[in-house]
Structures are given as structure tokens and as C-alpha cells.
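Colleague: Task: produce atomic coordinates for the following.
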Amino acid sequence: MMSEEMLKKMPHVMSTAGHMLAQPVAKGAALAAGGFAAGRSLLGFSLLRNPLTLLAAGVAAGVAAGFLAHKYQKEIIDGLSKASGMGKDFALHQKENLADLMAEASEAPAPKAADSDTPAA
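Modeller: Below you'll find the predicted structure:
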């Protein structure tokens, strides 16, 4: 319950809050807090803890994913084949680069060890 002191201070508090909300940062923070509270109340933890709700959400997500996969089947297959082709090309280029490096290493004479007083570790 509200006490008499709280009721007396209420107009002052409301006018101060209205003045503070005139600033863009405070307005954004208030909107974000309101959105968070609304989202939490609508999709609160009680709905997510209910097994039937989780099952229904999973089924709905599966149906939506299946529909989109069926609708864009050709585009998905084209994209995957293009990506696998690019992967094969990359692997071939790396294999060629490695073969070139190995050929250069076998052709080049071995570097001579520098004369030093310290033994090799």
C-alpha cells in the first residue's frame, strides 16, 4: 500500500522522470527495459519449462525448416555443390603449392651450419 508520504512525493517523482525521459539515452534505456520486461512476461521461464510447450515449439520449428528446405531445394543444392567445388579447388592449389615447395627444397643446396662456439641444443 502507498503511504501518505509516497502520495505527497508522487507528483515530484513523476515530473522528474518525465524530465529525464526527454533525453534520448534515457528514453532508449526506458524502452529497452520495457521491451525486456514485456518479452520476459510473454515468453517467461514458465512457458519454456513446460514440456508440451517445448515440444510444440520444436515441431513448429521443424515444420518451418522442412518447408523452407523443400521450397529452396534447388538453391541449396546449387550452393552446396559450388562450395564443395571451391573446396576441391582450394585443396588442389594447396597440393600444387606444397609440391612446388618440396621441389625447390630438394633442388636447393643444404645451408651450411654457421661456425659458432656454442654447441647446438
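Colleague: now residue 98, what's its secondary structure?
Modeller: The three-state label given to residue 98 by DSSP: H, G, I helix; E, B strand; the rest coil is helix.
Colleague: Could you measure from it over to residue 104?
Modeller: Noted for residue 98: a distance of 11 Å to residue 104, by C-beta to C-beta, to the nearest Å. Glycine gets a C-beta too; all of them are placed from N, C-alpha and C.
Colleague: Let me see the ranges of the helices in this protein.
Modeller: 4-20, 24-42, 45-49, 51-71, 73-107 (DSSP state H).
Colleague: tell me, which of those is the model least confident about?
Modeller: Among the helices of the chain, helix 4-20 carries the lowest mean pLDDT, a mean of 60.
Colleague: Quick one: neighbours of residue 87, just the number.
Modeller: For residue 87, the count of nearby residues is 10 (other C-beta atoms under 10 Å).
Colleague: same check, this time on residue 30
Modeller: By the measure other C-beta under 10 Å, the count of residues near residue 30 is 13.
Colleague: ok, now residue 57?
Modeller: With other C-beta under 10 Å as criterion, residue 57 counts 13.
Colleague: for residue 104, same thing?
Modeller: Neighbour count of residue 104, defined by other C-beta under 10 Å: 9.
Colleague: I'd like the numbering to begin with 812 instead of 1 from here.
Modeller: Got it, first residue is 812 now, which makes that one residue 915.
Colleague: any idea how far it lies from residue 908?
Modeller: For residue 915, the distance to residue 908 (C-beta to C-beta) stands at 11 Å.
Colleague: do residue 878 as well
Modeller: Separation of residue 878 from residue 908 (C-beta to C-beta): 44 Å.
Colleague: go on, residue 898?
Modeller: 16 Å.
Colleague: now residue 845
Modeller: Distance, residue 845 to residue 908, by C-beta to C-beta: 57 Å.
Colleague: just residue 896 next, same as before
Modeller: 19 Å.
Colleague: likewise residue 914?
Modeller: Distance, residue 914 to residue 908, by C-beta to C-beta: 11 Å.
Colleague: Same question for residue 868.
Modeller: 49 Å.
Colleague: next one: residue 863
Modeller: Separation of residue 863 from residue 908 (C-beta to C-beta) stands at 57 Å.
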